[in-house]
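got a structure for you, letters missing:
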């Protein structure tokens, strides 16, 4: 709900539990008033009527609460907008008008505030959107260089999406998610020191090093109590979030596309640029309440087709692992070995990396197996309860060997003699959906496409090949997007395909570094990322009903990619114990419904050499959208039967896990019991893991949350009935013991 007061110069945006207020002074200064617990319009008008804080004669001045600070304004640092060349008289911003619109039926309301800078001939629109039933405030900006000015280019070194101003508190603590390859989404909480803190950076993609998200609290919030302010940037390319704790105690956070030191946005007369969305949320109920609010918002308003349960997937025809089958697969063939050698020479640290961590072997390169094995693999998968069977693009796609790459696909070539249709028909006859993995953004340097269209390639600064021997195609170019859309369309029309795995077959940090060197980028910062979004949107529009998942080595984990895909690859690391920490961090912002979780073979050389039972692997992976990456031809009848029983249990609790409210009962990392709980209506599911039991210490019960204390709950498996108050106070006894033990409990209210 958006209300207007103060003679049309005050706006109050309210959700079910929070409010966001801003006020335009008589001098056309837009000031922030409130972000926190829900207030009324009269309360906001009272805040606007308060006199400004008295300025000190000596010492630092009080910082004006500018809603969107611009460079050059008094006390406005850090600036969210900067303009070059600067007019000698500075900026002269005037308010023009506001409008409140409903972008689509039932989606909520959008407030647009229009300003004009007559000195720089620049229009600026500040957008605010409130979705129905959500406390998330979505903000972004549009800047337009008005035609008819002095001419020449206008540069915007900073053109952020929003500036968030937090209320005064005695202290502040920041939570963030950082990591590296194989150890993504690591949660860190630490005091916010005075001064500036920068997240992201020039080569920081949305995922591995930092996720474009932060949470702030006064240092006293817990999992289920306390005020928490969080914000997340919907952008998959280079990004920057700057948090500033100013001398007078005020805290601000600005953010947008482009890392630190990125080239400025360049605008010709008449041109515009629009920032990504920077969404913010206030909750009172601790970090758990913040996560649950974010999850509900994404399922209701961001994720396409979120009401559909994510199917159990089997990646039967995935690419072979590098380094001799890191996920328990067969030895790689000669083409794969050549690629491995090239990759190892480029980056020995990542020599054991799989491109996505999801494959057991390469059906096209393996000396022992070929395409004919797919039918048997599909039959075994169907017999285990798998619902989606995914193969590599292969014929009639483009991954035919180490001298080819996805960008080489010829959309006019049509089907190969066999093609994918027979396999697709077989998979559908078995009652499963059919999926194909593609990697359309990269190309081999030794390929026909590079020789014919060298201008389509974004080469590294040294002029050589990229990570893994691949080059990036310039998605900022419309002709490149046309070519790829046609190639993908030819693949999708060659056989009935229900699902695409969109793989980034290259080093993600390299993609970020080349973002600013796109020959076609022109004045558009992040043009390659915008081109990626446009291509995915086009493919989905041209192929209704197609689902897409993003697989990018734990990068592109953000609201921007989530708005156009159904599932996010969280990490190449599928070690089930490591994944508990990765999943703990991922769940701070994103729901289980979109989290790729995999059961693969083990152990995994280059990671931990850890062996674990199918039980532990499955219960770890059941915390999200379950996928099978293990080699089904290597599993014996007993293992397949056990896997089938776990898949059946997953399908039983899946609606609760994927659509329920998350409660983090015990976080991972201490070496003892860790558990999560999901509640959906009368049902609750508890997933518990015991990494190690020391000195025979008893495993404590799990005190459940979100239950009706006056009701009774029956264990669906055992039939045992327990009272809600007992489960909340005494707790649920797990019977876990030893090392790497795990269990699932499914309770239903009587």
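Received the coordinates, thanks. Values in this document were obtained by computation on a predicted structure and should not be read as measured data. Numbers count the residues shown, from 1 in each chain.

what residues does residue 68 make contact with?
The contact partners of residue 68, by C-beta atoms under 8 Å, 6 or more residues apart in numbering, come to 30, 80-81, 124, 126, 141, 162-163. The way it works is simple: take the backbone N, C-alpha and C, and place the C-beta from them, glycine included.

just the closest of those residues to residue 542, please.
For residue 542, the closest of the contacts of residue 68 turns out to be residue 141, at 30.4 Å, with distances computed as C-beta to C-beta.

just to revisit the earlier point, TSV please, covering the contacts of residue 68 and showing pLDDT and distance to residue 712.
As requested, those are exported to TSV (pLDDT from 0 to 100; distance: C-beta to C-beta, whole Å):
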residue	pLDDT	distance to residue 712
30	94	55
80	91	54
81	92	58
124	96	58
126	97	52
141	97	53
162	96	47
163	95	50
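
which of those fall in strands?
The subset of those located in strands under the criterion DSSP state E comprises 30, 81, 124, 126, 141, 162-163.

look up how far residue 672 lies from the closest residue in space to residue 736 that isn't next to it in sequence.
Nearest-residue entry for residue 736: residue 690, 4.1 Å, with adjacent residues in sequence omitted and distances by C-beta to C-beta, 6 or more residues apart in numbering. Distance of residue 690 to residue 672, computed by C-beta to C-beta, to the nearest Å: 7 Å.

neighbour count winner among those two?
For residue 690 versus residue 672, the count of surrounding residues by other C-beta atoms under 10 Å is larger for residue 690: 21 against 16.

partner residues bridging that one?
Counting by DSSP bridges, residue 690 is bridged to residue 741.

which residues touch residue 676?
Here residue 676 is in contact with 587, 623, 662-665, 686-687 (criterion: C-beta under 8 Å, 6+ apart).

ok, now residue 274?
Going by C-beta under 8 Å, 6+ apart, residue 274 touches 140-142.

how about 6 Å then?
Residue 274 makes contact with residue 142, according to C-beta atoms under 6 Å, 6 or more residues apart in numbering.

on that earlier part again, where does the residue nearest to residue 736 land on pLDDT?
Per-residue confidence at residue 690 stands at 95 (pLDDT).

quick check, it in contact with residue 673.
Yes: between residue 690 and residue 673 there is a contact under C-beta atoms under 6 Å: 5.4 Å.

now do the residue nearest to residue 559 when sequence neighbours are not counted: how many residues are near it, please.
Excluding the flanking residues, the one nearest residue 559 by C-beta to C-beta, 6+ apart is residue 234, at 3.6 Å. Burial measure for residue 234: 22 neighbouring residues, criterion other C-beta under 10 Å.

what sits against residue 234?
For residue 234, the contacting residues are 276-277, 559-560, by C-beta under 6 Å, 6+ apart.

pLDDT weak spots in the stretch 101-250 of the chain?
Within the stretch 101-250 of the chain, the ranges that satisfy pLDDT under 70 run 104-106, 149-150, 201-207.

would you map the strands across it?
Chain-ordered strands for the stretch 101-250 of the chain, with DSSP state E, counting those that start in this stretch as the definition, fall at 109-117, 122-130, 137-145, 154-159, 162-166, 173-180, 183-191, 195-201, 210-217, 227-233, 239-245.

which among these is found nearest to residue 656?
Nearest to residue 656, of all the strands of the stretch 101-250 of the chain, is strand 183-191, at 22.7 Å by C-beta to C-beta.
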